[in-house]
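> need the 3D shape of this:
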Amino acid sequence: MANAPITESYDVRDNILAVGQRIMAGKGYSAVGLNEILTTAGVPKGSFYHYFGSKDAFGEALLAKYFDDYLAEMDHMLSQPDMTMAGRLMHYFEQWRANQSFEDCQGKCLAVKLGAEVADLSEPMRLTLKQGTAGIVARLADAVERGVAEGSLTVQGSAGQAGASLYQLWLGASVMVKIERDASPFDAAMETTQHLLHLPR
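Just a heads-up that it's a prediction; the model follows:
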C-alpha cells in the first residue's frame, strides 16, 4: 500500500511522456504547447511542473525515454535466434522502413522528427540526441563486426565506419521520405545497405 503513490507517480509521468511523444512526432517540438499535451493526457498543469521543471526539461526526458525504449527494442531485434547477423540487420532495416511511414509514425520516429529542430534549441536535448544516436551506431557497428566474424556479411573498412554510414544513410532516407511523400528513398537505402554489406539483392 505504501508503494501506491510511487507507482501512481510513475504512471502519470509516463503518461505525459507517451502523449507528448505521440503528438510531437506528428507536429514537431515548437508547434506543440504544454496545454495540448496536458489536455490530451488529462493532467493538470501543476502536475506537469511536479515532474518537469520546464518544457525543455520535458523534451530532454522525452528523448531519453524514447532512446531507452528504442535501444531495448533494437537489442531484442539484433539477438533473434535462428538468424544470421546479416538477416537480423536486414530485418532491423525492414522494421525501420515500416515504422518511419510518412503518413503516420505513431511516435516511433521521434529522432527523425525532432533531431534538427531541437538540436538548435537546447544543448541538453542535443546532448541527449547525441548519446541516443551514438547508442544506435554502436549497436549497428557491433552487429556488423559479429556478422563479419560469422561470415554472413563483409564490409570495406571498419565495422565502426559501416555502422555510422548505415545510420546516416537511413536517417537521411527517412527525411527524404517525408519531403517526397514517397517510400522510394527507402528502396534506395535498402539497395545501398545490401551493397555496403555485400549481400545478394
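
> got the CA coordinates for stretch 82-94 in CSV?
Output of stretch 82-94 as CSV, limited to C-alpha atoms (Å, rounded to 0.1, in the frame of the first residue of the first chain):
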residue,chain,number,x,y,z
ASP,A,82,18.0,-18.9,-35.7
MET,A,83,19.0,-16.0,-37.9
THR,A,84,22.4,-14.8,-39.2
MET,A,85,23.5,-11.4,-38.2
ALA,A,86,23.0,-10.3,-41.8
GLY,A,87,19.5,-11.5,-41.6
ARG,A,88,18.9,-9.6,-38.3
LEU,A,89,20.3,-6.4,-39.8
MET,A,90,18.1,-6.6,-42.8
HIS,A,91,15.1,-7.3,-40.6
TYR,A,92,16.0,-4.3,-38.5
PHE,A,93,16.0,-2.0,-41.6
GLU,A,94,12.8,-3.5,-42.8
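
> now for the longest helix anywhere in the chain, which elements pack on it?
Secondary structure assigned by DSSP state H gives helix 123-150 as the longest helix of the chain. The contact analysis (3 or more CB pairs under 8 Å, 6 or more residues apart in numbering; DSSP states H and E) places helix 123-150 against helix 55-77, helix 85-99, helix 110-119, helix 159-180. In this view, the C-beta of every residue, glycine as well, is placed from N, C-alpha and C.

> which of those helices sits closest to residue 131?
Relative to residue 131, the nearest member of these by CB to CB is helix 55-77, separated by 7.3 Å.

> let me see the mean pLDDT of the closest one.
The pLDDT scores in helix 55-77 average 95.

> taking helix 85-99 as reference, get the angle to it.
Between helix 55-77 and helix 85-99, the angle comes out at 140 degrees (axes from the mean of the first three to the mean of the last three CA atoms, to 10 degrees).

> please identify the buried residues of helix 55-77?
Neighbour-count burial for helix 55-77, counted by 16 or more other CB atoms under 10 Å, picks out 55-56, 58-67, 70, 74, 77.

> pLDDT weak spots in this structure?
Confidence mapping of the chain against pLDDT under 70 gives the ranges 1-10, 101-108.

> one more time with 90, if that's ok
The model of the chain has pLDDT under 90 over residues 1-11, 25-28, 45-47, 98-117, 119, 175, 178-179, 200-201.

> thanks a lot, catch you later.
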